[in-house]
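Engineer: Coordinates for the following, if possible.
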Amino acid sequence: MHLEFYFDFGSPASYLAYKRVRQLEEQYDLVVHWMPMLLGGVFKATGNVSPVTVPAKGSYMVKQDFPRFAKRYDVPMQFNPHFPINTLNLMRAAIAAQKMGCFEAYADAIFDAMWQEQLNLSDIELVATALTKVGLDAPALLDMSQEPDIKTALITNTDAAVSRGVFGAPTMFVGQEMYFGQDRLDFVEADLKADRGS
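Structural biologist: Numbering: from 1, shown residues only. Below is the predicted model:
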């Protein structure tokens with residue numbers, strides 16, 4: 001089964017979903033197409049806003065809901081005190097990592113630095129340190145992230161997401177079926193189980 005996964009590193013829900021989808025990859029015959037997009041661009045195009053802009057909802061998600069799902073998925077999570085972080089360069093570098101064939105190592109490093117180590121990844125030096133720590137060529141990745149075709153690819157991904165009805169992150173597609181939010185992954189797993197059963 002093929003799953004398209006639209007995400008932004010600045011989204012804590014994307015972090016949880018990424019970790020869970022990686023688990024599902026190990027359990028099922030699942031092919032994931034990672035689709036980096038710029039969540040700020042999606043919000044602007046759709047008129048949506050981050051849920052944390054509603055104080056009561058933001059407090060609930062940060063203090064109760066995210067920890068609840070982190071425990072369910074058995075993944076460590078610490079809410080980043082620097083949130084919200086401008087992820088433009090991080091998302092461009094994700095596309096560069098795809099082209100360089102090191103996307104999963106890159107995504108693991110950035111998600112962990114953001115939502116476990118609580119680093120301020122708007123600081124490019126901290127980004128480079130996080131990448132170097134896991135053996136990635138940080139200068140090459142960061143240089144490629146500024147190339148015109150990489151910048152265009154991120155815009156294209158973001159526009160494609162909006163044209164498909166995406167309004168937030170993470171958003172996943174199984175065929176034409178859309179699932180928004182990491183708390184919809186039970187439906188994705190049900191599809192996987194049905195697919196395996198067939």
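
Engineer: all strands for the chain, in order.
Structural biologist: 2-7, 31-36, 171-174, 177-180 (DSSP state E).

Engineer: Would you mark the buried spots in the second one?
Structural biologist: By 16 or more other C-beta atoms under 10 Å, the buried positions in strand 31-36 come out as Val32, Trp34, Met35, Pro36. Heads up, the C-betas are built off the backbone N, CA and C, glycines and all.

Engineer: can you check stretch 105-114 too?
Structural biologist: Buried residues in stretch 105-114, counted by 16+ other C-beta under 10 Å: Tyr106, Ala107, Ala109, Ile110, Phe111, Asp112, Ala113, Met114.

Engineer: List the contacts of Val127.
Structural biologist: Residues in contact with Val127 (C-beta atoms under 8 Å, 6 or more residues apart in numbering) are Asn89, Leu90, Ala93, Ile110, Ala113, Leu121, Ala138, Leu142.

Engineer: May I see the ChimeraX selection of the buried members of those?
Structural biologist: Buried members of the contacts of Val127, identified by 16+ other C-beta under 10 Å, are gathered into one ChimeraX selection as follows:
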select :90,93,110,113,121,138,142
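
Engineer: Go through the contacts of Val127 and flag which are in helices.
Structural biologist: Asn89, Leu90, Ala93, Ile110, Ala113, Ala138, Leu142 (DSSP state H).

Engineer: Now do Thr156 against Val162, distance only.
Structural biologist: 11 Å (C-beta to C-beta, to the nearest Å).

Engineer: Any regions of the chain where pLDDT drops low?
Structural biologist: Residues of the chain that meet the criterion pLDDT under 70 lie in 196-198.

Engineer: okay but Val134 is in contact with Asp108, surely?
Structural biologist: Yes - applying C-beta atoms under 8 Å, one finds Val134 in contact with Asp108, separated by 7.2 Å.
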